[in-house]
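Engineer: what's the 3D shape of this:
(4 chains)
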Number of protein chains: 4
Amino acid sequence: MKIGILTGGGDCPGLNAVIRGAVRAATHKYKWEVIGFLNGYKGLVENRSRPLTSAAVSGLLDRGGTIIGTSNVDNPFSFAEIVNGKRTLRDASDDVVRTYKEHKLDALIVVGGDGTLSIALRLCKEKGLNIVGVPKTIDNDLSATDYTFGFDTAVGIVTDAVDRIKTTAESHERVMVVEVMGRDTGWIALFSGIASGAHIILIPEIPYDLGKMVEKIYERETLGKHFCVVLAAEGAKPIGGDVTVKRHVNDPSMGIRLGGVANVVAKQVEDLTGIDTRVVTLGHVQRGGTPSAFDRILCSRLGVCAMDMVAKKQFGMMACLKTPEIKAVPLEQAAINRKVSPDDPMIAEARATGISFGDGL
Amino acid sequence: MKIGILTGGGDCPGLNAVIRGAVRAATHKYKWEVIGFLNGYKGLVENRSRPLTSAAVSGLLDRGGTIIGTSNVDNPFSFAEIVNGKRTLRDASDDVVRTYKEHKLDALIVVGGDGTLSIALRLCKEKGLNIVGVPKTIDNDLSATDYTFGFDTAVGIVTDAVDRIKTTAESHERVMVVEVMGRDTGWIALFSGIASGAHIILIPEIPYDLGKMVEKIYERETLGKHFCVVLAAEGAKPIGGDVTVKRHVNDPSMGIRLGGVANVVAKQVEDLTGIDTRVVTLGHVQRGGTPSAFDRILCSRLGVCAMDMVAKKQFGMMACLKTPEIKAVPLEQAAINRKVSPDDPMIAEARATGISFGDGL
Amino acid sequence: MKIGILTGGGDCPGLNAVIRGAVRAATHKYKWEVIGFLNGYKGLVENRSRPLTSAAVSGLLDRGGTIIGTSNVDNPFSFAEIVNGKRTLRDASDDVVRTYKEHKLDALIVVGGDGTLSIALRLCKEKGLNIVGVPKTIDNDLSATDYTFGFDTAVGIVTDAVDRIKTTAESHERVMVVEVMGRDTGWIALFSGIASGAHIILIPEIPYDLGKMVEKIYERETLGKHFCVVLAAEGAKPIGGDVTVKRHVNDPSMGIRLGGVANVVAKQVEDLTGIDTRVVTLGHVQRGGTPSAFDRILCSRLGVCAMDMVAKKQFGMMACLKTPEIKAVPLEQAAINRKVSPDDPMIAEARATGISFGDGL
Amino acid sequence: MKIGILTGGGDCPGLNAVIRGAVRAATHKYKWEVIGFLNGYKGLVENRSRPLTSAAVSGLLDRGGTIIGTSNVDNPFSFAEIVNGKRTLRDASDDVVRTYKEHKLDALIVVGGDGTLSIALRLCKEKGLNIVGVPKTIDNDLSATDYTFGFDTAVGIVTDAVDRIKTTAESHERVMVVEVMGRDTGWIALFSGIASGAHIILIPEIPYDLGKMVEKIYERETLGKHFCVVLAAEGAKPIGGDVTVKRHVNDPSMGIRLGGVANVVAKQVEDLTGIDTRVVTLGHVQRGGTPSAFDRILCSRLGVCAMDMVAKKQFGMMACLKTPEIKAVPLEQAAINRKVSPDDPMIAEARATGISFGDGL
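Structural biologist: Numbers count the residues shown, from 1 in each chain, chains lettered A, B, ... in the order given. Reported below is the predicted structural model:
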């Protein structure tokens, strides 16, 4: 048999470990051949690939990134191309089918987020391709799986960073606002906030009240704690409305990708309290590099199980962690988000240790 | 209310985080007082304690060890004392009761392994003390909980070490035998072996066959891989019988705590193959120091939930992770071990990536 | 004898290790008493202090920050106070002398940057205080010492971050512009750029040419390397003039501390090349937290040697590393900056490995 | 031009970074060709090599080990071979010359310890080969250079390990004896002992007195510090004679490579004091894996400078760090050891912080 594999969407620690796991299972257990398509669906449309032998994946377990590249944007059903200098969109899904047939593939493993997997589902249903998915979202916001890979690594990186930042906050008697990933869900902020002992955690699911935040800061002052670490998910927002955060500004002297919720919060806190307040935006450091041991194990298992699913012809399904097992789940479930419920036991537990969610509860 | 807490058994990353979580919940959520008894049950017998205020546990989240000390050996029902220069054992359980009453304790939280918790159960049943347990075993060999705290940290430490050792093995074309914790169960070896890409994993639950191990090493040679990393749990043993490992030798020039399964395996492999073989025994590095983010979260939650269990009068119970919740489980279950089943899906998945368990399957 | 100590200026990994070294030498070797003044010169003006016994500094070697606090701004010769609701400046240097005398100090150790040490020099010369300095600048831009403490830690942190970012850049075929500390000198960018294998390093001492940078990026493209990591010191600037970077913007929706050279460079590169370009600003993560082994040793030695200098009455001097020794150097030299010379052998060596400094050489 | 390179002796973090630096300088700056000989001199005798292009060394900066392999034992002047099943030694130096000529090499870069470099010197002098050396000793015991590469990494690894072990020692009120590399010199023990706050450091250069060690342990007890970390270099020995440590034992049930100074010291301390005492032997973890930022920079510079020395025809010389420059030094100096002098300022500074060297001073 011959199996294709591709990785799509944003970088995530452990992609290479998934590839390695899948290729090892194919070559070692099943004696199958594997090829990797380059840069997500683009490689499938344009038929660009590389063979993935056992030797090709040697040493990949601890390497960040993906050796077959990825792409955030490409959709074969609406594929962007430059024609006569103009960007045009066309349905390139038949190119995908042609590539698939040309390589005489028996199945395709698609590793990616909900966007990537929803395309996989269409290719499965509309074009009849044999596809097995591996869900990927660093935000851990997928209800079908206990943990998504890369999340543990991201939480570890944020925790290390806050460990460092905290000592500076204390030495300078400052408020430090640290912005972490999480546009729609606050899992990274919640987990790393508990792990690092942040004092205030702001997540999209629990709108914050600036006045209550300031009260918390003052409460700490009265306890002789003249510093405060605020961990804010990108998507955190105030009660009663959105912050009008200008994320992309066109003033050329300003460059690109400037603002963010942390800047807004910091400015407001500093204006209200007069306390020296600083911002740290962790950004891309959170999503690259060597995976944690937890993620390496999870990825290795996911890669193997995806290949096992091919063997069992569980197409249109994806490999999900149901502790302690990896199970096959319909690809449709890739679209079902898991948000942090304000009633989540972890929220109550965090509050019990004195953590505020900025909402005054 | 006034709550006592003690930690017993071997050191484990996260003990301080459990203490902090419990004390924070008590002082912040319940407005209760907490005292810590020093060095496990010994402090309870001898009435040695220190108050654990919120300030006392500040900054503990990332500190290894336990600020109230621990002890591997003391059992109040058979308490060792030196009387007239001679070591004698006596039942000191009434001293425990007296200390408990003298402090007017409403409950006692006991953090410890199966030995420590079986004593807690007796104190609960026979002496009527209000006890809540938090199970601790770095080996992760407890069926009542998905993960025990400290295990993720230990796996991370072993994985980092094997990452380092592997490059040396490759550069020198050697076999490296790395001995890790696990006298009775192979969870640490299994998890860190998968995470680090070890080639052979030896665990107590799957006896190894030296000849098959050597075959695996030769098989790698034929693939041009002139090195091999063997990860051996302390309790690994050959098919058909125990290794007669002399762990404690009385020759004074030899010192103490010498041998171990890794030494035996290494000697045998070197003798059979002639390949340069070296041993690394990771030892105590695995069980101390700052906990991983995963463990800090788990510990924080366990500490809080133990205090919640006190509030709910769930005595004779212990706090256990049932992903994603922490639940109360009868203390009796602390004695139920979880071994690595040869049929565990992780074993099959590991084999699929080419890992050998030394048994020739 | 009784010795005072204070830390001034920005946080820097190793401040606590210097304090510990000095206190240990005082208590252990000299049997002297030490007190720490809180928050830099402010504590000296306002006579706020804490005793620093051997026990008080126990466990400080690996703790980031400074247990006696610091302050970026206070100058006793021009001391800011709020009088009748208005900020006023006054000469408070006699308050410093009064505090010094009240405590019957025999000497004062001042740990701080060039600003802090220039004040120390004035207090020494104009007020006759017995002062020994320990120079602190995370930027390593002091000619009197081979390395300043905290620098090795900062370089390590940046290197780890770039290791992570690089894999994302490669997987996404992006340009990543990483901004690191260094307003006036490029040592951190130079060292961590070499250590992490950055492709382009921008430092204040070597103005960059945007066109040449783009050439370098295209040159890498032709080699099949579709990604590029640019490491930019905060103070990097283009040939022929300053970038008009608006660092602080008053638009409230934007918050504070937005822009920076990395944003400007990224915008320009993306506009010119069309290649997806992202920015990471490492910020405060670089200057807090546990020091590296190198810095712990350096700090420990500096603390001890500062106390030895007190014993030898080497006042008006500071402790500097002249490999392999720590030597006493006049405090006047704290003002002598060390910039990266374009003729520095490390620049030529970096160029030899293919690193571009954006200047087209 | 065409340059050969080989690495000999024990693994050391940064070997790959030296190779990468040299190859980059050759291909990028000089447009020369490089080949690597496999497994040290053995590859030169047997003419086994691989081309080292710029692509071949891509991504090597942070990889431990050496991609061209190494060997501890081979000496072309006395080359071991199996002839008719018997191990024989012969002078194979002419094979080296033949290989050198066959490849039309213009020069050879040899990276290795004093043994490897003394052979290089003979090949240079007796056989007229153009050789440039790069000294390698993880022990930092070379007087010709300020720091040898790998040393900073090793010190960092030991420091991390002792950080962990210390919390266990404190929680259990134990003495922990940690054995680190250093058969003849104590630099690793000295540096990492200061960095980690060890209480007693045993090095070969300062013989220890068991009674004095025990006094130190008791002195700590009286201060309420019921634990002690002893850091012992492998080659540490008592006053008045060698410990008769049996390093290799023939009892097959014991395996190989058992004892060591740490075991002896631990046994003696436990026997004398009755305090629970444990041993950790760090072993090979210290000498493999990714190099620290400091070492990556040093290695990169050494590799480039070695190639610069080839360009300048500085044969029979080796590249050495004379802070802040890399300089050419005669290969003869590779044999000049640098021991820790009891008068070294670091010893006095360490004593000032309360560290004992076990000698009672």
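
Engineer: give me the domain ranges for chain A.
Structural biologist: Per the record, chain A has its domains at A:2-149+A:291-323, A:151-287+A:341-352, by automatic domain parsing.

Engineer: in a markdown table, list the ones you listed along with mean neighbour count and distance to chain C.
Structural biologist: C-beta coordinates here come from the backbone N, C-alpha and C atoms, glycine included. Below are those laid out as a markdown table (neighbours: other C-beta atoms under 10 Å in any protein chain shown; distance: least, C-beta to the nearest C-beta, whole Å):
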| stretch | mean neighbour count | distance to chain C |
| --- | --- | --- |
| domain A:2-149+A:291-323 | 22 | 3 |
| domain A:151-287+A:341-352 | 22 | 3 |
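
Engineer: what sits against residue A:24?
Structural biologist: A:54, A:57, A:303, A:304, B:352, B:353, B:354 (C-beta atoms under 8 Å, 6 or more residues apart in numbering or on different chains).

Engineer: secondary structure element for it?
Structural biologist: Per DSSP states H and E, residue A:24 falls inside helix A:15-24.

Engineer: before we move on, the earlier item: out of the domains of chain A, which gets the lowest mean score?
Structural biologist: The minimum mean pLDDT among the domains of chain A belongs to domain A:151-287+A:341-352 (a mean of 89).

Engineer: touching chain D at all, it?
Structural biologist: No: Domain A:151-287+A:341-352 stays clear of chain D (C-beta under 8 Å from any C-beta of the partner chain), getting no nearer than 13.4 Å.

Engineer: what are the boundaries of the helices in the stretch 51-200 of chain A?
Structural biologist: A:93-102, A:114-127, A:151-172, A:187-196 (DSSP state H, counting those that start in this stretch).

Engineer: and of these, who's closest to residue C:108?
Structural biologist: helix A:151-172 (19.3 Å; C-beta to C-beta).

Engineer: and the closest one, C-alpha only, in PDB?
Structural biologist: Output of helix A:151-172 as PDB, limited to C-alpha atoms (Å, rounded to 0.1, in the frame of the first residue of the first chain):
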ATOM      1  CA  PHE A 151      -0.800  22.300  24.100                       C
ATOM      2  CA  ASP A 152       1.300  20.800  26.900                       C
ATOM      3  CA  THR A 153       4.400  22.200  25.300                       C
ATOM      4  CA  ALA A 154       2.800  25.700  24.900                       C
ATOM      5  CA  VAL A 155       1.700  25.600  28.500                       C
ATOM      6  CA  GLY A 156       5.200  24.700  29.600                       C
ATOM      7  CA  ILE A 157       6.700  27.500  27.600                       C
ATOM      8  CA  VAL A 158       4.300  30.100  29.000                       C
ATOM      9  CA  THR A 159       4.900  28.800  32.500                       C
ATOM     10  CA  ASP A 160       8.700  29.100  32.200                       C
ATOM     11  CA  ALA A 161       8.300  32.600  30.800                       C
ATOM     12  CA  VAL A 162       6.000  33.700  33.700                       C
ATOM     13  CA  ASP A 163       8.400  32.200  36.200                       C
ATOM     14  CA  ARG A 164      11.000  34.600  34.800                       C
ATOM     15  CA  ILE A 165       8.700  37.600  34.500                       C
ATOM     16  CA  LYS A 166       7.400  37.200  38.100                       C
ATOM     17  CA  THR A 167      10.700  37.900  39.700                       C
ATOM     18  CA  THR A 168      11.100  41.100  37.700                       C
ATOM     19  CA  ALA A 169       7.500  42.100  38.600                       C
ATOM     20  CA  GLU A 170       8.300  41.600  42.300                       C
ATOM     21  CA  SER A 171      11.700  43.300  42.200                       C
ATOM     22  CA  HIS A 172      10.300  46.400  40.400                       C
END
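
Engineer: could you list every helix and strand in contact with it?
Structural biologist: strand A:175-180, helix A:187-196, strand A:228-233, helix A:293-311, helix B:293-311 (3 or more C-beta pairs under 8 Å, 6 or more residues apart in numbering or on different chains; DSSP states H and E).

Engineer: do that again at 6 Å, thanks
Structural biologist: Applying 3 or more C-beta pairs under 6 Å, 6 or more residues apart in numbering or on different chains; DSSP states H and E, one finds that helix A:151-172 contacts strand A:175-180, helix A:187-196, helix A:293-311, helix B:293-311.

Engineer: can you tell which of the helices of the stretch 51-200 of chain A is closest to residue C:317?
Structural biologist: helix A:151-172 (25.6 Å).

Engineer: among the contacts of residue A:24, which one lies nearest to chain D?
Structural biologist: Within the contacts of residue A:24, the smallest distance to chain D is 15.0 Å, found for residue A:57 (C-beta to the nearest C-beta).

Engineer: so who does the residue lying closest to that closest one once chain neighbours are set aside touch?
Structural biologist: Leaving aside its sequence neighbours, residue A:57 sits nearest to residue A:20 (C-beta to C-beta, 6 or more residues apart in numbering or on different chains; 4.1 Å). Neighbouring residues of residue A:20 by C-beta atoms under 6 Å, 6 or more residues apart in numbering or on different chains: A:57, A:60, A:61.

Engineer: my read is that the second one contacts residue A:16, right?
Structural biologist: Yes: under the criterion of C-beta atoms under 6 Å, residue A:60 lies in contact with residue A:16, with a separation of 4.2 Å.

Engineer: next, the angle helix B:187-196 makes with the helix holding residue A:24.
Structural biologist: Per axes from the mean of the first three to the mean of the last three C-alpha atoms, to 10 degrees, the angle that helix A:15-24 makes with helix B:187-196 is 100 degrees.

Engineer: so after helix A:15-24, what's the next helix or strand?
Structural biologist: Downstream of helix A:15-24 (by DSSP H and E), the next one is strand A:33-37.

Engineer: the helix or strand just after that following strand: how far from the chain's middle?
Structural biologist: If you walk from strand A:33-37 toward the C-terminus, the next helix or strand you reach (DSSP H and E) is helix A:41-45. Here helix A:41-45 shows a centroid-to-chain-centroid distance of 22 Å under the convention C-alpha atoms, centre = their mean, to the nearest Å.

Engineer: which strands or helices does helix A:41-45 pack on?
Structural biologist: Checking 3+ C-beta pairs under 6 Å, 6+ apart, helix A:41-45 ends up next to helix A:93-102.
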